[in-house]
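In: just the structure for this:
(2 chains)
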Amino acid sequence: MLRCLVALLMVVGCVGAEEIVVGVIGPMDLPEGKAELRAVQLAAEEINEKGGILGYKVKVIYGDTKLNPSVASSELRRLVDEGARVLIGGFSSGVMLAMMETMAEEKVVFLADCSSPRASAKVSENYEKYKYWFRISQNNGTTFAYDLADMISFLRGKGYDVKRVYIIRDEHIWTEDVMKALKPLLDDMGVEVVKDVPIPRGYSEFEQLIIEAEDMNADVIMPILAITGTDDILVKQWATLKPKILLAGHSLAAIDSGFYNRTEGSANYMVFIADGGALVTAPPTERCREFIESYKSKYGHYPESHQAYGAYDALYIYKLAVERANESGESDPFDPDTVVRYLEMFNESNPVELTRVIAFTSNHDLAWGDRYVRNWISQWQDGKQYIIHPKNVANGDLKLPDWFKKEEVKTPGFEIAVALVALIALALRRR
Amino acid sequence: MISVLIFGAVIGGIWALVASGFSLIFGVMRILNFGHGAIFVASAYMAIFVSKICYPLSLPSALLVGVLFGLMFYTITKPVRENEVAVIIVTLATALLIQQILLSIFGDRGLTMQPLLRGVVNLFGVRFTVMRIFSIVIALTVLIALEVMMRTRFGKKIEAVSEDFESAMLVGINVERVYIFVMVLSSILASLAGYFYVQIFSVNPELSLRALIYAFAIVILGGLGSVRGSILASFIIGYIVALTITLLGSRWSEFVMLLTIILTLIVKPSGIFGVEE
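Out: Next up, the predicted model:
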């Protein structure tokens, strides 16, 4: 008791305030940033109601990256200047890699949201400099490749033969990393990538790509999309054209619980990997279920993006690390170097169950696997998201699109073409 | 090749509706309405909203947005019409305001609506959605109707005002009435484009700026003030985009489009059908 009191007094001296400041950083105009801020605010309220962290009330401040590396770095510095002892958030690997430099200069713990393997590679390459960085929202992007390959194996296991895949992906650093890992895995499985199409942000002409995939006899159109922002158009055009090709891959938008309604049901039958390891309709832990309901009750809707789970877990795992440091008699349990050591103790042999089961690897990635966090293979079915693989968390089974069974009805193409030509000829004659 | 023909025509047709209105306003009123993209997007949002209540009313409601916004842009630009910079600032500020309102009501993620016509047609072995084909037919019909209208008595009045509004006044043409008509008609064209766009794609508030940039680029390529030039330029852009996707890949589509515009303007600074000042 006396030891705790002494530690508390030392902390007061060190921090010099009655509150602990937590900085949330992200693209605040986007659902990802909003969800992160809201989740941290919710966690802070809950923690404050129970006495805060070692008696300190949690104060949440935030910065807007605007998805711009230089803006993000200066916002990060501002948050630290305003007293932030831990940073939560991020989003977008390019922005994150820039922020990591500022984080290293400021020596501030950063529980981060990004998928690029290059971030955790920095921790491996220069541990002392980058050790303050931990990935909390989702797995390393390389694991997306494992999950996408596992998805193909799962589909084959269910009798849907996949030999040819047509990939549509973000033209972005993070998908380059996924592709590097995915191509050899598909090669090993005897799956041919018939075309790999990088698309720029805001791209909308998917119908032409879907038709090309049909011409190339692809079995699966595999989106790997998080930045483009037009996943809904892809889904709509796929559902309208109804090709006998399964749409199965990674779509950040599809993880959003409102995606089905926003696409007017076009998302039906889409198979996607649940990046972040949690879904509103299939929470992997009891804590996750409670969080989802608390979020809905506070904000009137379910989390707008999966980043909410990571951000919520981030504040709680930081609290746990600080409290354990204090229990161990650390002179300053809030000291970043101390917090890093205690965060590292949550490893594969000592995971912690929050909204997901969190364990860090030696290079501060999230441990990947059925027991920890992985991108669950999921599907939209009649307005609801189901995890369909692996078995230990699955709450549904694969359903193939209903149009796969129907015979195509031949349409009078020639007649329509003639009518079009006649219309144009009439117009020219009038001139 | 048939797919490039159809896809190019759809992209071109939709942008032709937007750009022809943008061009018509400049040709007749000599103002640049930077709120044109906002009308395109706001009409699409109205169609989505109304379609959930009563689908058949979605098109009339989108067109009504066009009429109202046309009248609004006429009213707010009237006092500053002589000052080109002020017009740009007023219309751009209003467009940004509309974008923010849409953002706060509908959020920043894309929204879509069920297409008016469903199903797929097979043209020479290539499958297209019926809605795409229908969009081409409607866009061509409207553009032809616009051309026909310009040959009527009222069309001649519009042309007279665009040539010299003071002389037009002297011969008894009610110039303000022509201005109102042109502004409303242009807005209706943008609304119609927005309605068909959301049938095939989806909309988000950010699209208003993109639509404006597309329309502006097309109008410059076609020649500022030339409606025919804008229509031709729209189809050129449509085919460049469709062809680039097929031959070079999706990532190059906008790059090649913008490069074409820059090169055309270097060779012919007034655009394809530029109106000499």
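In: max-length helix in the chain?
Out: In the absence of a named chain, chain A is used. The single longest helix within chain A, with elements called by DSSP state H, is helix A:307-327.
In: switch to chain B, please.
Out: Longest helix in chain B, counting residues (DSSP H): helix B:2-29.
In: ok, back up a step: elements contacting the following helix or strand past the longest helix of chain A?
Out: Once the chain leaves helix A:307-327, the next helix or strand it forms, by DSSP states H and E, is helix A:336-344. Judged by 3 or more Cβ pairs under 8 Å, 6 or more residues apart in numbering or on different chains; DSSP states H and E, helix A:336-344 is in contact with strand A:109-113, helix A:307-327. Where C-beta positions appear, they are placed from N, C-alpha and C, glycine not excepted.
In: can I get helix A:336-344 as PDB, trimmed to CA atoms?
Out: Taking C-alpha atoms only, helix A:336-344 is exported to PDB below (Å, rounded to 0.1, in the frame of the first residue of the first chain):
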ATOM      1  CA  PRO A 336       7.300   5.700 -22.300                       C
ATOM      2  CA  ASP A 337      10.300   3.300 -22.000                       C
ATOM      3  CA  THR A 338       8.600   1.700 -19.100                       C
ATOM      4  CA  VAL A 339       5.200   1.400 -20.800                       C
ATOM      5  CA  VAL A 340       6.900  -0.200 -23.800                       C
ATOM      6  CA  ARG A 341       8.400  -2.900 -21.600                       C
ATOM      7  CA  TYR A 342       5.100  -3.700 -20.000                       C
ATOM      8  CA  LEU A 343       3.200  -3.600 -23.300                       C
ATOM      9  CA  GLU A 344       5.700  -6.200 -24.700                       C
END
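In: and the stretch 51-200 of chain B, which residues reach chain A?
Out: Within the stretch 51-200 of chain B, the positions near chain A by Cβ under 8 Å from any Cβ of the partner chain are B:107-115, B:118-124, B:126-129, B:131-133, B:136-137, B:140-141, B:144, B:147-148, B:200.
In: give me the buried subset of those.
Out: Buried members of these, counted by 16 or more other Cβ atoms under 10 Å in any protein chain shown: B:107, B:109-115, B:120-123, B:126-129, B:131-133, B:136, B:140, B:144, B:147, B:200.
In: now, the residues you listed that are in strands?
Out: B:Val120, B:Val121, B:Asn122, B:Leu123, B:Val126, B:Arg127, B:Phe128, B:Thr129 (DSSP state E).
In: surely the fifth one meets B:Met1?
Out: Translated: B:Val126. No. With contact defined as Cβ atoms under 8 Å, B:Val126 does not count as touching B:Met1 (9.2 Å).
In: regarding A:Asn392, what is its secondary structure?
Out: Following DSSP: H, G, I helix; E, B strand; the rest coil, we place A:Asn392 in the coil state.
In: secondary structure element for the closest residue to it other than its chain neighbours?
Out: With Cβ to Cβ, 6 or more residues apart in numbering or on different chains as the criterion, A:Asn392 has its nearest non-adjacent residue at 5.5 Å, and that residue is A:Asp370. Of the helices and strands defined by DSSP H and E, none includes A:Asp370.
In: pLDDT score for A:Asp370?
Out: Listed pLDDT for A:Asp370 reads 89.
In: same question for the one 3 residues further on.
Out: What the model reports as pLDDT for A:Val373 is 92.
In: what segments of chain A are strands?
Out: Assigned by DSSP E, chain A shows strands spanning A:19-26, A:57-64, A:84-90, A:109-113, A:133-135, A:164-170, A:192-199, A:220-225, A:246-251, A:271-274, A:352-353, A:357-358, A:376-381, A:384-389.
In: run through who's touching the third one.
Out: Read it as strand A:84-90. Strand A:84-90 has contacts (Cβ atoms under 8 Å, 6 or more residues apart in numbering or on different chains) with A:15, A:20-26, A:33, A:36-37, A:40, A:61, A:65, A:76, A:79-80, A:96, A:99, A:103, A:108-114, A:136-137, A:307, A:311, A:314-315, A:318, A:334, A:336, A:339.
In: buried residues of that strand, list them for me.
Out: A:Ala84, A:Arg85, A:Val86, A:Leu87, A:Ile88, A:Gly89, A:Gly90.
In: pull up the pairing partners for that strand, direction included.
Out: strand A:19-26 (parallel), strand A:109-113 (parallel) (DSSP bridges).
In: relative to strand A:57-64, how tilted is that strand?
Out: Angle, strand A:84-90 to strand A:57-64, by axes from the mean of the first three to the mean of the last three Cα atoms, to 10 degrees: 50 degrees.
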